[in-house]
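1. my questions concern the predicted model and sequence given below.
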Amino acid sequence: MAATAPPTTAWSNWAGNQHADPGAVLRPATVDGVVEAVRSAGAAGERIRPVGSGHSFTPIARPEGRQLELGALRTDIRVERSARLVTVPAGMTLRTLNALLAEHGLALPNLGDIDAQTVAGAISTGTHGTGAGYGCLSTFVEALTLVTGTGEVLRCTAGQHPDVLAAARVGLGALGVLVEVTLRCVDAFVLRAHERPAPLAAVLAELPALVERHDHVEFYWFPYTDRVQVKTNDRVPADDRPLPRWRGWLDDDFLANTVFAGACRLGRAVPALAPAISAISARALTERSYTGRSDAIFCTPRRVRFVEMEYGLPRAALPEALDALRRIVDGLPFKVLFPVEVRFTAADDIWLSHGYGRDSVYLAVHQYVGMPYEPYFRAFERVATELGGRPHWGKLHWRDAASLAPAYPRFADFLALRDRLDPGRVFGNGYLDRVLGGAPSGTTA
């Protein structure tokens, strides 16, 4: 049986910009419990929505009926060390997964900078890190187990339900409830991180060589300046230059979180100070180089709350996109308090992945909580759309199914599969109605 919390339990995401009051909160402990919860919702004509740790800024996980939480779900954890495969409950967080893998001398080949997400949430939205040779985290998925909208349990591999595997690796929670995921790992490895401030023009001039030369490259542009902070991560044989504890606290806890939070509060109270704050921030984090376990280098604490929009673009579009973005920022009637993050990924073949069929550059725009953001985000979205951009599913955007269909060559195939796996739209919500359409194909809403 699926445990049920009182109906007054409210839901909100990490950023605090999405809220819901679900009619019931279900926490099944078994796959059979998930099946029962889905079938019960369908029989009652209600929707049910799986939620993770709330790190999406869109209402993709927002429950509009029953809320399904997978933190209590227990499936067998299987580590196949020689094959470098691990099978885990889909509700496990990346932080817990990383610790599990380290115990067995394994690691994920790449990660984003947040490890609080659940495995299901991360892969369902196309979460990615940076690295010209790496796709999003969903490219590491070898197999998955899905409970469909009719309550059927599907184990999907390259040889069994391959179409479902191809789609559900970035499935938006629209095809079913992920209950178990098998991930291909690599031997545990050490990264050497190098962070340095630099002029934007110089970084753009050397960017193709920079991206080619390093395993992982990203940079942050500070609005109202011509400065960026560049970070490269490369595999090295030994952890021989760990960051001193005091330096990690100073840079990552005190400067990047405590001081930055104070600066953002000041900028929100006195917006005219934003350009000066950005200029100081651009120079506050000085050059440093250090080594560490891969997940400790990839993932960093994020305690300053913000809202975010991110677009994946063809790599060649980066200079034009950045030029337009700088003009947008300068012309806004309010100030921007957060830097713009730029990352790179390799092409993949996952139907609704932002990186489907092309090497991508990602531009992520942020704004401090409580500050105006919609005109900023919408202006950049118009630019990104014209440049062939695809919005990150878990980050704010205003695209709809008609706008998105031409951007994804397999969009119609995904919709057809959704019709088959969830014909009653038991997993639907307003966000999915907008980006995928609400009614099954061939019917009217």
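-> Yep, that arrived.
2. distance check, the residue lying closest to R66 once chain neighbours are set aside against P63.
-> Take R66 and drop its neighbours on the chain: the residue closest to it by C-beta to C-beta, 6 or more residues apart in numbering is I48, 4.2 Å away. (C-beta placed from N, C-alpha, C; glycine too.) The gap separating I48 from P63 is 7 Å, by C-beta to C-beta, to the nearest Å.
3. more crowded one of these two?
-> Using other C-beta atoms under 10 Å, the more surrounded residue of I48 and P63 is I48, with 28 against 22.
4. hang on, the more buried one packs against E69?
-> No - taking contacts as C-beta atoms under 8 Å, I48 lies outside contact range of E69: 11.1 Å.
5. which residues do those two both contact?
-> L26 (C-beta atoms under 8 Å, 6 or more residues apart in numbering).
6. check contacts around the residue nearest to R66.
-> By C-beta under 8 Å, 6+ apart, I48 lies in contact with 26, 37-38, 41, 63, 65-68, 426-427.
7. recalculate using a threshold of 10 Å.
-> 22-24, 26, 34, 37-42, 63-68, 149, 177, 426-429 (C-beta atoms under 10 Å, 6 or more residues apart in numbering).
8. repeat for A193
-> 216, 231-234, 241, 243, 288-292, 296-298.
9. my read is it is in a strand, agree?
-> Yes - using DSSP: H, G, I helix; E, B strand; the rest coil, the assignment for A193 is a strand.
10. can you name the residues bridging to it?
-> Per DSSP bridges, the residues bridged to A193 are N233, Y290.
11. which residue ranges of the stretch 51-200 of the chain form strands?
-> Along the stretch 51-200 of the chain, counting by DSSP state E, counting those that start in this stretch, strands occupy 66-69, 78-80, 85-89, 106-107, 141-147, 153-156, 177-184, 186-187, 190-199.
12. which among those strands is found nearest to A116?
-> strand 66-69 (14.8 Å; C-beta to C-beta).
13. so what strands line up beside that closest one?
-> strand 24-27 (parallel), strand 48-51 (parallel).
14. how does the protein divide into domains?
-> Here the domain parsing of the chain from automatic domain parsing is 78-187, 190-391.
15. quick one on the thing from earlier: with distance to V329 and mean pLDDT added, can I get the strands of the stretch 51-200 of the chain in TSV?
-> As requested, these are exported to TSV (distance: least, C-beta to C-beta, whole Å; pLDDT from 0 to 100):
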stretch	distance to V329	mean pLDDT
strand 66-69	38	97
strand 78-80	47	98
strand 85-89	41	98
strand 106-107	37	98
strand 141-147	37	98
strand 153-156	43	98
strand 177-184	38	98
strand 186-187	39	98
strand 190-199	17	96
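16. the residue nearest to the spatial centre of the chain and C156: what is the separation?
-> Residue closest to the average C-alpha location in the chain (C-alpha atoms, centre = their mean): T127, at 3.2 Å. Using C-beta to C-beta, T127 is found at 19 Å from C156.
17. ok, L432 next?
-> Taking C-beta to C-beta, one finds L432 at 20 Å from C156.
18. contacting residues for the closest residue to G52 other than its chain neighbours?
-> Nearest residue to G52, sequence neighbours excluded (C-beta to C-beta, 6+ apart): G121, at 3.2 Å. Residues in contact with G121 (C-beta under 10 Å, 6+ apart) are 50-56, 60-61, 70, 90-91, 93-94, 127, 173, 178, 394.
19. one more: N13?
-> 19-20, 51-62, 307, 394.
20. can I have the buried ones of those as a ChimeraX selection?
-> In ChimeraX, this line selects whichever of the contacts of N13 come out buried by 16 or more other C-beta atoms under 10 Å:
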select :20,51,52,53,54,55,56,57,58,59,60,61,62,307,394
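21. what's the burial count for F427?
-> F427: 27 neighbours (other C-beta under 10 Å).
22. the one 10 residues further on now?
-> Here the number of neighbours of G437 (other C-beta under 10 Å) works out to 20.
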